[in-house]
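A.B. asks: Below is the sequence, then the predicted model.
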Amino acid sequence: MGINLGDVFPNFEADTTAGRIKFHEWLGNSWGILCSHPADYTPVCTTELGRMAKLASEFQKRNVKMIALSIDSVQDHHGWTKDINAYIGASNVEKLPFPIIADEKRELAVQLGMLDPSERNKEGLPLTARAVFVIGPDKTLKLSILYPATTGRNFDEILRVIDSLQLTAYKKVATPVDWKAGGDCMVLPSISEEDAKKLFPKGIQMQELPSSKKYLRFTPHP
Ligand code: BEZ
């Protein structure tokens, strides 16, 4: 099983460190990011959740609610939370600025296609890969990235992608390679030259190409 871009993200019910949630109700009208983790009390995951906690205000600024998932119990999550907070030097070790889902039976891991058969626990059961799901306010999947358990995520890249997803959701542009918020954007190929002039009053810079095709059109961040 798995989930594709554009699919409605499952409205699952789960126990979390912030109590039982129904995903769509928990999300409300916000964007959301769900990050899964192989297990509690593991080194890479501890650095990742610490970084997520430190970046909470960046996600909040972008109206993105954060949630993590690991295959251990709520009780384990509470114990692990203290280690994560100690690692980042937080003053309150009891709480993280986002809930952690307890997926002890791996039901969500299976439903969302997150199991990594090449990484197994002591009992031989596959661990959860490092999935990143970004969900829009319309509850559909906007982005998914799947990392193996042995490779930690890059949260600068994740914030960069969210900036692009949010910009391109509302403006008729795409973002080029290595784009960062504020950088020049590309006019969508589906927009005619005439419409582009009206839509992008800041101007369009078209690059001449050997093919003479007029598709490489840059415009300042709208
Ligand atoms: C970790 O989070 O450090 C980890 C978990 C499972 C396999 C490898 C690394």
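C.D. replies: Alright, I've got the coordinates. Numbers count the residues shown, from 1 in each chain.
A.B. asks: ranges for the helices of this protein?
C.D. replies: Here the chain has its helices, by DSSP state H, at 23-27, 43-54, 56-61, 74-88, 107-111, 155-170, 193-199.
A.B. asks: Show me the shaky parts of the protein.
C.D. replies: For the chain, applying pLDDT under 70 flags the ranges 1.
A.B. asks: Tell me, domain by domain, which residues of it belong where.
C.D. replies: What automatic domain parsing lists as the domains of the chain is 13-153, 171-219.
A.B. asks: need the helices of the chain in CSV with distance to the ligand, can you?
C.D. replies: All C-beta atoms are positioned from the backbone trio N, CA, C, and that covers glycine. Converted to CSV, these look like this (distance: least, CB to the nearest ligand atom, whole Å):
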stretch, distance to the ligand
helix 23-27, 24
helix 43-54, 3
helix 56-61, 20
helix 74-88, 11
helix 107-111, 13
helix 155-170, 15
helix 193-199, 45
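A.B. asks: so which of these gets nearest residue 100?
C.D. replies: Taking CB to CB, helix 74-88 is the member of those nearest to residue 100, at 4.3 Å.
A.B. asks: Mean neighbour count, the domains of the chain: which tops it?
C.D. replies: Across the domains of the chain, averaging neighbours per residue (mean count of other CB atoms under 10 Å) puts domain 13-153 on top, at a mean of 17.
A.B. asks: Span of that domain from start to end?
C.D. replies: Terminal residues of domain 13-153 lie 26 Å apart, using CA to CA, to the nearest Å.
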